[in-house]
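*Asks:* what's the 3D shape of this:
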Amino acid sequence: MRILPSLLGACLFTGFSSAEKKSSEQRFNELHKLSKSSPSLQLKETSYKSLTSSPRDYSAAVLLTALDPRFGCQLCREFQPEWDLLARSWLKGDKAGEARLLFGSLDFEKGKDVFASLGLQTAPVVMLFPPTEGPHAASSPEPIRYDFTTGGVGAESIHAWISRHMAGRPTPPVQRPFNYMRWATGATILLGVGTALATASPFILPIIQNRNIWASISLVSVLLFTSGHMFNHIRKVPYIAGDGKGGISYFAGGFQNQFGLETQIVAAIYGLLSFCTITLAVKVPRMTDAKTQQATVFIWGAVLFLMYSFLLSVFRFKNAGYPFSLPPFM
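*Replies:* Predicted coordinates for the structure are as follows:
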């Protein structure tokens, strides 16, 4: 039984434009009554012309769309729910029609002549027809077109655009329905992650609290970034380059240039120097055998000296004016 008023309203809406010409106030009252069953009025060519005809003391927001799959308008299908949400929210917040704004939708299949008269080659198109008479009458009766290229496709974006052109009138906010499924999914995922962490905590905590692991991660990070890793990503440098003689250049001249392989070599040098220093400072003093301790000092001291000499030679290659050097890489 509840569907009967909607069907009766639809029949009246289809045929009301063929009746005698009504005043702006009468048109608005009839259309506002029909919008209670369908917030976004489903228009045809005749009803579109009646809705947007002058004179009018109300505003009309009209969506011209092409929902048929034959036209391949993906944006039309994505935007239609947002438009319907905006129309429902507006009607819910303005049941008395104080804003004097009506929403309508005209599909290409039902309004080909309208599309042609407006010169439309694309869809969707949103037009706002301002009042031509009354206290809020616009200076120009021409409709205002929404630009989808600069504005968003959400209901909130269209609402903000309409509100800018309806100063001094009520502008009910967009009210999205509560998404129970999203909250249920989020709660389920949160409980699942919490349960997994609680179950695995006896195995994960010892790893997280291990100082050696954190020390290794910190050391690798320091070596990675001090060797120029971020410079490579920002400048998009090549990995290697030719030396012009058929060979390969591992180091780029100048402090403002470098290669990807150069970064890895420098990181390895820094890593080896760090390992030498840590070994000499931490491991060697704990050795109980004096001869082993002495041999270790000589070995790692020699490695430290050679690597530092090679590092200074790299600095001199990068900048010929670098004054320091050590044998054997003079």
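
*Asks:* count of neighbours near residue 315?
*Replies:* 13 (other C-beta atoms under 10 Å). To be clear about C-beta, it is placed using only N, CA and C from the backbone, and glycine gets the same treatment.

*Asks:* Roughly how far does it sit from residue 220?
*Replies:* 23 Å (C-beta to C-beta, to the nearest Å).

*Asks:* Spell out the secondary structure type for the spatially most central residue of the chain.
*Replies:* Central residue of the chain (C-alpha atoms, centre = their mean): residue 152, 12.0 Å from the mean position. With DSSP: H, G, I helix; E, B strand; the rest coil as the basis, residue 152 sits in coil.

*Asks:* what packs against the helix or strand harbouring residue 199?
*Replies:* If you go by DSSP states H and E, residue 199 is part of helix 180-208. Using 3 or more C-beta pairs under 8 Å, 6 or more residues apart in numbering; DSSP states H and E, no helix or strand is in contact with helix 180-208.

*Asks:* Start the count at 580 instead of 1 going forward.
*Replies:* Noted, 580 is the first residue going forward, which turns the last one into helix 759-787.

*Asks:* Tell me the buried residues in it?
*Replies:* Judged by neighbour count using 16 or more other C-beta atoms under 10 Å, helix 759-787 contains no buried positions.

*Asks:* Quick one: mean pLDDT for it?
*Replies:* Here helix 759-787 scores 90 as its mean pLDDT.

*Asks:* what ranges do the strands span in this protein?
*Replies:* 619-621, 638-644, 680-686, 704-708, 723-724, 820-821, 827-828 (DSSP state E).

*Asks:* I'd like those strands as a markdown table, with distance to residue 717, mean pLDDT and mean neighbour count appended.
*Replies:* Shown next, in a markdown table, are the strands of the chain (distance: least, C-beta to C-beta, whole Å; pLDDT from 0 to 100; neighbours: other C-beta atoms under 10 Å):
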| stretch | distance to residue 717 | mean pLDDT | mean neighbour count |
| --- | --- | --- | --- |
| strand 619-621 | 21 | 93 | 20 |
| strand 638-644 | 9 | 95 | 24 |
| strand 680-686 | 13 | 95 | 24 |
| strand 704-708 | 9 | 95 | 21 |
| strand 723-724 | 9 | 94 | 15 |
| strand 820-821 | 65 | 87 | 12 |
| strand 827-828 | 70 | 87 | 14 |
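
*Asks:* can I get those strands in a markdown table with distance to residue 627?
*Replies:* Below are the strands of the chain laid out as a markdown table (distance: least, C-beta to C-beta, whole Å):
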| stretch | distance to residue 627 |
| --- | --- |
| strand 619-621 | 9 |
| strand 638-644 | 7 |
| strand 680-686 | 5 |
| strand 704-708 | 10 |
| strand 723-724 | 15 |
| strand 820-821 | 67 |
| strand 827-828 | 71 |
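
*Asks:* who wins for proximity to residue 849 among those?
*Replies:* With C-beta to C-beta as the criterion, residue 849 lies closest to strand 827-828 of those, at 20.7 Å.

*Asks:* neighbouring strands for that closest one, and are they parallel or not?
*Replies:* strand 820-821 (antiparallel) (DSSP bridges).

*Asks:* contacting residues around the strand it pairs with?
*Replies:* 827-828, 831, 838 (C-beta atoms under 8 Å, 6 or more residues apart in numbering).

*Asks:* farthest-separated two in those residues?
*Replies:* 827 and 831 (11.8 Å).

*Asks:* tell me which of the contacts of strand 820-821 is nearest to residue 678?
*Replies:* The closest of these, once distances to residue 678 are taken by C-beta to C-beta, is residue 838, at 65.2 Å.

*Asks:* neighbouring contacts of stretch 843-851?
*Replies:* Taking C-beta under 8 Å, 6+ apart as the rule, stretch 843-851 contacts 798, 802-803, 805-808, 829-830, 882, 886, 889-890, 893.

*Asks:* For it, buried residues please.
*Replies:* Result for stretch 843-851 [16+ other C-beta under 10 Å]: buried residues 843, 845-846, 848-851.

*Asks:* now, among these, which is nearest to residue 791?
*Replies:* residue 850 (16.0 Å).

*Asks:* how much space between that closest one and residue 795?
*Replies:* For residue 850, the distance to residue 795 - C-beta to C-beta - is 11 Å.

*Asks:* ok, back up a step: residue 769 versus the residue nearest to the centre of the chain, what's the distance?
*Replies:* 30 Å.

*Asks:* where does the protein dip in pLDDT?
*Replies:* 580-600 (pLDDT under 70).
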